[in-house]
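Asker: Pasted the sequence and its predicted model underneath.
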Amino acid sequence: MGVGDGGGEEPGSAPGGESPEDEPRGFLEAYGRGLRMGSFDWDLDTGLMAMDAQAHDVFDILPEDYDDRPQTLGTRVPPDEGGRLDALVSRALKSGDETYGTYFRIRTRTGEMRWTHTRGYIRRDEQGRPRRIVGIVRDATDELNDATVQHEREAREAARRRETSVVQHTTAALAHARTVEEVIDVLRDTHGIEHLGAASFVMGLVRAGRIHLVAEGPKGSFVPGTGVTGPDAPYPMSEVVRTLKPRFIESAEDFAESYPALWPEITHLGISSAAYLPLIAQARPIGAVGLLYHDREGFTESERNVLVALGSSIAQSLQRAMFYEEEKDLAQGLQQAMLPRIIPDVPGADIAVRYRAASLGRDIGGDWYDVIALPGGRVGAVIGDVQGHDTHAAAVMGQLRIVLRAYAAEGHNPATVMARASTFLHELDTDRFATCLYAEVDLSTGVVQLVRAGHLDPLLRLPDGTCRRLPVHGGLPLGLSAEFGRLAYPVTTAELDPGQTLLLCTDGLVEQPGADLDDGLQTLSTLIGTGPDDLDRLADRLVASCEERDAEDDVALLLLRRRGAGAVQSGGRLTEHVPPGDPEALRSARHMIRHAVRVWGAKERADEIELVADEMITNALMHTEGPAIVTLRVLTGPDRRLRVDVEDTSSALPRRREAGEDGVSGRGLLLVDQLADRWGVEARGGGKCVWCEFVVPARV
């Protein structure tokens, strides 16, 4: 049926999109309940619509007030409902549908609004033109009231499912929280508290028998004097910690009556109810959380159960976070105890060191750095990484750092320091190995001797910001080289000019997910080149880059910058390791000698010193099967002397003899004897040392 002209729903529509073939279950039940139903017959040619007495009763219109014209029903059907009905009927007529049906509201003579349902059947002639509509109207008030009750029941069930879902979602998010602060952030950032209807929350943790407030919201709701309270304090959080039972505050009046000391301080927050939950782990209270509401009173049994479940989930997460923080503090404390507490102030150099713990959790690594002040204006820089991420790795690291420092301080050359450290680690009761890079820098000459045991190459930054990789000949990691009997570590010599910076680091600073090592080194080089000139700020920037990409490994970093050439100090010492059959190492040794002679003020005797040293090195390589270790140092006393030591692994002592017929061989020691001021041979364990000294003028 229709009333006037207007717009509305599609043919056959009903609340929620009901079709005429899909009648509400209440329609059939209406007969059994004696609901009123009438009929109508609408002649479309004349426009008149006849209704029986029951239909008049449904519309609450007197028979004498109805003139068979549909427009007359406008006194009972509100305009918006009438327009929707007219549009519905019009579309059904034009589309060729045979039926339509819908719910609509009418206004009774007393002004009451009630629901009505109509179904019309369209009769068409042979050409398909609509001629009549016959149908029914019935009172659907009780039916829809039943539907409303069902809807409310379903709404409550949906709310319960939503609350349960919020708890499940919050619990899943809490599973990833590793610290107490992250637990608090989850409660704030997942909006779980808001979805439960709470306007804000407070949280306290039990520490040393006192309740410490660790989170409150919104900002400004903190009550002075409640930051630290005891379990006997007259506050709801203290009560739930003391009794281990939740406290549901049903109304503002309940709050004011139960906690008169607290209520005046929070009246301005507009709290209408609250739920305080004890956080219990292993049968003991670890804290409490309070949820505060603004627009509700009371809690259903279902809501209480959901909130108790939420409190249990928060308690488990907090306990896990506290254990994590305790273990991490212990691990980091152990790690820091193993690292050097003080970096020595080395004249002629600026040094910056950093250590960053792994982001994976409580695991602790074996990364370390060390700076060793050596005699003669020299400094040793060490970076290393013991295999593994546990307390055992840290313990091995601490022992290895100490013995490596001791070997360097004893005056051993870099190759020997590394070999002895490898032997120590191999003999230690452990299955761990370690990578290491040791650089000995003579700050007076700028000569750097580097030994690498399976570690990353260092990087060199120039004063203009240019950064490049510094290739260093490498040997096996510490421990493995001793196990496989390959203790000969090659020494690489380089120069560090004033203003240049040497960077030593562990692989945690370089490795990036999905990128190979070369790409990581290139990225690091770019970062160093574009970083600040100040060493401390540069070190902070490099460590911050690990935080930005959430690097999972720990990182050790050492930056050393040479300030300037400075004055030569007595006791200056340089060492070079020359393996047999390595022309590059021999050239490196010659370069070291030439540079040291020039810088140490022996320029007048440079040719003599270089020639004698070259002969001594060549003899050692020709007449032994092992390497030669060349050491240059400045000796002070009545006169200033430059001493050259060449050590080898042969116990056979050299002897001076005349040159052969070809005039090529046999003149090595003759040259030493003729050109050096003093020379000699010393037994050194399984080998020997041939030495010579040259008197050189004192530096002015």
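Answerer: Everything's here; your move.
Asker: What ranges does the stretch 351-500 of the chain have for its strands?
Answerer: For the stretch 351-500 of the chain, strands defined by DSSP state E, counting those that start in this stretch occupy the ranges 366-374, 378-386, 434-442, 447-453, 459-461, 467-469, 474-475, 492-495.
Asker: tilt between the second one and strand 366-374?
Answerer: Orientation note: strand 378-386 sits at an angle of 170 degrees relative to strand 366-374 (axes from the mean of the first three to the mean of the last three Cα atoms, to 10 degrees).
Asker: Quick check: chain neighbours aside, which residue is closest to residue 124?
Answerer: Closest residue to residue 124 apart from its sequence neighbours, by Cβ to Cβ, 6 or more residues apart in numbering: residue 130 at 5.3 Å. Using the backbone N, CA and C atoms, a C-beta is placed for each residue, glycine as well.
Asker: Pretty sure that neighbour sits against residue 122.
Answerer: Yes: using Cβ atoms under 8 Å, residue 130 is in contact with residue 122, at 5.3 Å.
Asker: Show me which helix runs longest in the protein.
Answerer: helix 301-338 (DSSP state H).
Asker: Which other helices and strands does that helix contact?
Answerer: helix 141-174, helix 180-189, strand 273-281, strand 284-293, helix 391-409 (3 or more Cβ pairs under 8 Å, 6 or more residues apart in numbering; DSSP states H and E).
Asker: now for the ones you listed, which one comes closest to residue 510?
Answerer: helix 391-409 (19.1 Å; Cβ to Cβ).
Asker: Specify the angle between that closest one and strand 378-386 in degrees.
Answerer: Orientation of helix 391-409 against strand 378-386 (the same axes, to 10 degrees) gives an angle of 160 degrees.
Asker: which strand in this structure runs the most residues?
Answerer: In the chain, taking DSSP state E as the definition, the longest strand is strand 113-124.
Asker: Okay, buried residues for that one please.
Answerer: 114-120, 122 (16 or more other Cβ atoms under 10 Å).
Asker: Could you do stretch 476-490 as well?
Answerer: Residues 476-482, 487-490 are the ones in stretch 476-490 that count as buried (16+ other Cβ under 10 Å).
Asker: Filter the residues you listed down to the ones in helices?
Answerer: Among the buried residues of stretch 476-490, the ones falling in helices (DSSP H) are 480-482.
Asker: picking that back up, now the strands of the stretch 351-500 of the chain in a markdown table, with mean pLDDT and mean neighbour count?
Answerer: Listed next are the strands of the stretch 351-500 of the chain as a markdown table, based on pLDDT from 0 to 100; neighbours: other Cβ atoms under 10 Å:
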| stretch | mean pLDDT | mean neighbour count |
| --- | --- | --- |
| strand 366-374 | 89 | 23 |
| strand 378-386 | 92 | 26 |
| strand 434-442 | 93 | 27 |
| strand 447-453 | 92 | 25 |
| strand 459-461 | 94 | 21 |
| strand 467-469 | 92 | 16 |
| strand 474-475 | 92 | 20 |
| strand 492-495 | 88 | 20 |
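Asker: Could you dump those strands into CSV with distance to residue 110 added?
Answerer: Listed next are these as CSV, based on distance: least, Cβ to Cβ, whole Å:
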stretch, distance to residue 110
strand 366-374, 86
strand 378-386, 89
strand 434-442, 93
strand 447-453, 99
strand 459-461, 92
strand 467-469, 90
strand 474-475, 100
strand 492-495, 104
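Asker: Of those strands, which is nearest residue 273?
Answerer: strand 366-374 (53.3 Å).
Asker: Kindly state the distance between the middle of that closest one and the middle of its chain.
Answerer: 28 Å (Cα atoms, centre = their mean, to the nearest Å).
Asker: and that strand, what other elements does it pack with?
Answerer: Counting contacts by 3+ Cβ pairs under 8 Å, 6+ apart, strand 366-374 is packed against strand 349-356, strand 378-386, helix 391-409, strand 555-562.
Asker: Direction included, what does it pair against?
Answerer: The pairing partners recorded for strand 366-374 under DSSP bridges are strand 378-386 (antiparallel).
Asker: Can you check what angle separates the strand it pairs with from strand 349-356?
Answerer: Going by the same axes, to 10 degrees, strand 378-386 is angled at 10 degrees with respect to strand 349-356.
Asker: which strands and helices sit next to whichever strand or helix holds residue 595?
Answerer: Taking DSSP states H and E as the criterion, residue 595 maps to helix 583-599. When contacts are defined as 3+ Cβ pairs under 8 Å, 6+ apart, helix 583-599 packs onto strand 447-453, strand 492-495, strand 573-578, helix 606-623, strand 628-635.
Asker: could the ones you listed be laid out in a markdown table, adding distance to residue 62?
Answerer: Below are the helices and strands packed on helix 583-599 laid out as a markdown table (distance: least, Cβ to Cβ, whole Å):
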| stretch | distance to residue 62 |
| --- | --- |
| strand 447-453 | 108 |
| strand 492-495 | 113 |
| strand 573-578 | 120 |
| helix 606-623 | 130 |
| strand 628-635 | 125 |
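Asker: Can you tell me which of those has the worst average pLDDT?
Answerer: Of all these, the minimum mean pLDDT falls on strand 573-578 (a mean of 80).
Asker: picking up where we left off before, any chance of the helices and strands packed on helix 301-338 in TSV, with mean pLDDT too?
Answerer: Listed next are these as TSV, based on pLDDT from 0 to 100:
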stretch	mean pLDDT
helix 141-174	66
helix 180-189	76
strand 273-281	91
strand 284-293	89
helix 391-409	86
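Asker: Can I get these in CSV including distance to residue 587 and mean neighbour count?
Answerer: Converted to CSV, the helices and strands packed on helix 301-338 look like this (distance: least, Cβ to Cβ, whole Å; neighbours: other Cβ atoms under 10 Å):
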stretch, distance to residue 587, mean neighbour count
helix 141-174, 62, 15
helix 180-189, 57, 17
strand 273-281, 68, 23
strand 284-293, 68, 22
helix 391-409, 26, 20
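Asker: Reformat these as a markdown table; add distance to residue 317.
Answerer: Shown next, in a markdown table, are those (distance: least, Cβ to Cβ, whole Å):
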| stretch | distance to residue 317 |
| --- | --- |
| helix 141-174 | 4 |
| helix 180-189 | 5 |
| strand 273-281 | 9 |
| strand 284-293 | 11 |
| helix 391-409 | 26 |
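Asker: Residue 438: which of these is closest?
Answerer: Closest among the helices and strands packed on helix 301-338, using Cβ to Cβ: helix 391-409, at 7.3 Å.
Asker: Least confident secondary structure element in the protein?
Answerer: Least confident element among the helices and strands of the chain, by mean pLDDT, DSSP states H and E: helix 25-32 (a mean of 39).
Asker: contacting residues around whatever helix or strand comes next after that one?
Answerer: Sequence order places strand 37-43 as the next helix or strand after helix 25-32, per DSSP H and E. Outside of strand 37-43, the residues within contact range by Cβ atoms under 8 Å, 6 or more residues apart in numbering are 1, 30-31, 48-58, 70, 120, 131-139.
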